[in-house]
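J.: after the sequence you'll find the predicted model.
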Amino acid sequence: MRCRCLSAWNRCTQPCLRLRSHILKVVLALVALLALQYALSNIFEARQLEPLFTVNFSHSRGHSHSSSSSHSRGLLFPNHTIANGSMHTLIDKLTANLNISLEIKNASIHATYESFSGNTSNLNNVSNSSGVNQTIVSTAAVPVTGKVVCPPVPPNLIGPIKVAKESPSLEELEKKFPLLEPGGRYRPRECQARDRVAIIVPYRDRAQHLSTLLLNLHPLLQRQQLDYGIYVVEQAGDGPFNRAMLMNVGFVEALKLYNYDCFIFHDVDLLPEDDRNLYTCPEQPRHMSVAVDVLRYKLPYPSIFGGVSAMTKMQFQKVNGFSNMFWGWGGEDDDMSNRVRHHGYHISRYPANVARYKMLTHRKQHANPKRYEFLNTGRKRFKTDGLTSLQYERKELNLGKLYTRVLVELATPS
Ligand code: BGC
Ligand code: MN
């Protein structure tokens, strides 16, 4: 009898072996596809999440958001073990135990940096005035300290920390941080820091926020054993604010003072809630303010790169810095996100339970109506608009006790 399974499957009386084996193959193929998709998604997700280490749980009692049920500790591993099996971290951890021989090697590597002159010859058209209050001594070289390199996981981290919302006077703050060197510089005494980090804060007229930021940031950066400096880049005048251009200025000016290898671009109103959120630069540009309280601790969209972000000197130069064309609120960080991906990088992030921030409140700024237009056509200008076209006049440079202040007049487009 002829099998009619195709037309009347249910009524077919004989087993229709050929048809069934076809169906079986299709089902198997589907299962294989699903498994492949699952495996690939795991790989891509792993690229997004950086390996996370653990800090002492016993210190995390009474932190500022202990009531939050969304604060999962699922990704934490007790006793300083390494999560996610990251080979990179593992190598770091192993080499930390061999500090004597590596220290000698590192010292010679650092010695080669000594010849760095702070020359930003690849940055054209940077116009600086003679400046007021110039007390600058070029410190561009990295000293050979003969110290043991700091461990890859800073030993004194707390984990979730209590965010302080006060804004003490600068004198009070100065007393709190006696170990700072002029310009808000710090390097750990106990070991040779692994990272030379410039924190760039674009700024205008937010004295209270700045004080609160300094109050929270200095202790965190010191616990992270970083060789760091804070650069507050203030826009002169009352024209539209240009956050991105101030970041470019901060990058150029900080490099004149020291051979930083890592740059953290930091809004003045964001306060970190966890000191495991390391202010360092990994292999890929890192978006740091993943979970912000006013955004209900959720990433608003996957490509976001605003708030706080970290890039190496090389990455920032490769993408030609930020665009200089975004005057007023919005879009400049999205343009940077496009630059990052256009140049073959991807945005990396710590998990949301670590990369948490509180935002200080302020009046909403005037949004730039041209931001979408500039964003859409941005790609055409990546090469020509950025560090290579940056123009500004440096009006003041003060090495304050808590930070380096750079006051600038930004050149408006002609
Ligand atoms: C703006 C960005 C901003 C983001 C989050 C976007 O629409 O273009 O500049 O960072 O919203 O507020
Ligand atoms: Mn803000």
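T.: Great, that's in hand. Ligands and ions are numbered 1, 2, ... in the order given.

J.: what about stretch 314-325 and ligand 1, touching?
T.: No: using Cβ under 6 Å from any ligand atom, stretch 314-325 never reaches ligand 1; the gap is at least 11.5 Å. Where you see a C-beta, it was placed from the backbone N, CA and C, and this is true even at glycine.

J.: OK, now which residue of the protein is nearest to ligand 1?
T.: residue 306 (3.2 Å; Cβ to the nearest ligand atom).

J.: surely that residue is in a helix?
T.: No: using DSSP: H, G, I helix; E, B strand; the rest coil, the assignment for residue 306 is coil, not a helix.

J.: residues near it, how many?
T.: 20 (other Cβ atoms under 10 Å).

J.: not counting residues beside it along the chain, what's closest to residue 347?
T.: Distances taken as Cβ to Cβ, 6 or more residues apart in numbering place residue 287 nearest to residue 347, at 5.1 Å, with adjacent residues excluded.

J.: ramachandran coordinates for that neighbour?
T.: For residue 287, the backbone dihedrals (degrees, to the nearest 10) come out as phi -90, psi 120.

J.: up against ligand 1, what does this protein have?
T.: Close to ligand 1, as judged by Cβ under 6 Å from any ligand atom, the chain has residues 300, 306, 330-331, 333-334, 371.

J.: run the last query once more with 5 Å
T.: 306, 330-331, 333-334 (Cβ under 5 Å from any ligand atom).

J.: could you check how far the residue of the chain closest to ligand 1 is from residue 177?
T.: Distance, residue 306 to residue 177, by Cβ to Cβ, to the nearest Å: 28 Å.

J.: now swap in residue 274 and tell me
T.: 20 Å.

J.: how near is the residue of the chain closest to ligand 1 to residue 32?
T.: From residue 306 across to residue 32, the span is 40 Å (Cβ to Cβ).

J.: residue 359 now?
T.: Counting by Cβ to Cβ, the separation of residue 359 from residue 32 is 46 Å.

J.: repeat for residue 400
T.: 63 Å.

J.: looking at those two, which one has more neighbours?
T.: residue 400 (15 against 10).

J.: any idea of the pLDDT on the more buried one?
T.: Looking at residue 400, its pLDDT reads 98.

J.: equivalent analysis for residue 3, please.
T.: pLDDT, read off for residue 3, is 43.

J.: after the helix or strand of the chain with the lowest mean pLDDT comes which helix or strand?
T.: When the helices and strands of the chain are scored by mean pLDDT, DSSP states H and E, helix 99-113 comes last with a mean of 26. Going down the chain from helix 99-113, the next helix or strand is helix 170-176, by DSSP states H and E.

J.: for that next one, packing partners?
T.: helix 207-223 (3 or more Cβ pairs under 8 Å, 6 or more residues apart in numbering; DSSP states H and E).

J.: buried ones in the helix it packs on?
T.: Neighbour counts over helix 207-223 (16 or more other Cβ atoms under 10 Å) mark 209-223 as buried.

J.: and residue 27, backbone torsions?
T.: phi -60, psi -40.

J.: any idea how far residue 396 is from it?
T.: 72 Å.

J.: okay, those two: which has more neighbours?
T.: residue 396 (15 against 10).

J.: now the more buried one: which helix or strand?
T.: strand 392-399.

J.: check which residues of that strand are buried.
T.: Buried residues in strand 392-399 (16+ other Cβ under 10 Å): 392, 394-395, 397-399.

J.: again with stretch 145-160
T.: 145, 147, 149-154, 157-160.

J.: what's the domain layout of this structure?
T.: Per automatic domain parsing, the domain ranges recorded for the chain read 11-49, 126-410.

J.: lowest mean pLDDT across those, which one is that?
T.: Among those, domain 11-49 carries the lowest mean pLDDT (a mean of 61).

J.: re earlier: now, among the buried residues of strand 392-399, which is nearest to residue 185?
T.: Nearest to residue 185 among the buried residues of strand 392-399 is residue 399, at 8.3 Å by Cβ to Cβ.

J.: so that closest one touches residue 229, yeah?
T.: No: with contact defined as Cβ atoms under 8 Å, residue 399 does not count as touching residue 229 (9.5 Å).

J.: identify the contacts common to these two.
T.: Contact criterion Cβ atoms under 8 Å, 6 or more residues apart in numbering; residues bridging residue 399 and residue 229 by contacting each: residue 183.

J.: for residue 335, give me its contacts.
T.: Here residue 335 is in contact with 244, 322-323, 326, 374-375, 378 (Cβ under 8 Å, 6+ apart).

J.: mind listing the strands for the protein?
T.: Along the chain, the segments classed as strands by DSSP state E run 185-186, 196-203, 227-235, 262-266, 270-272, 286-287, 291-292, 308-312, 356-359, 392-399, 404-410.
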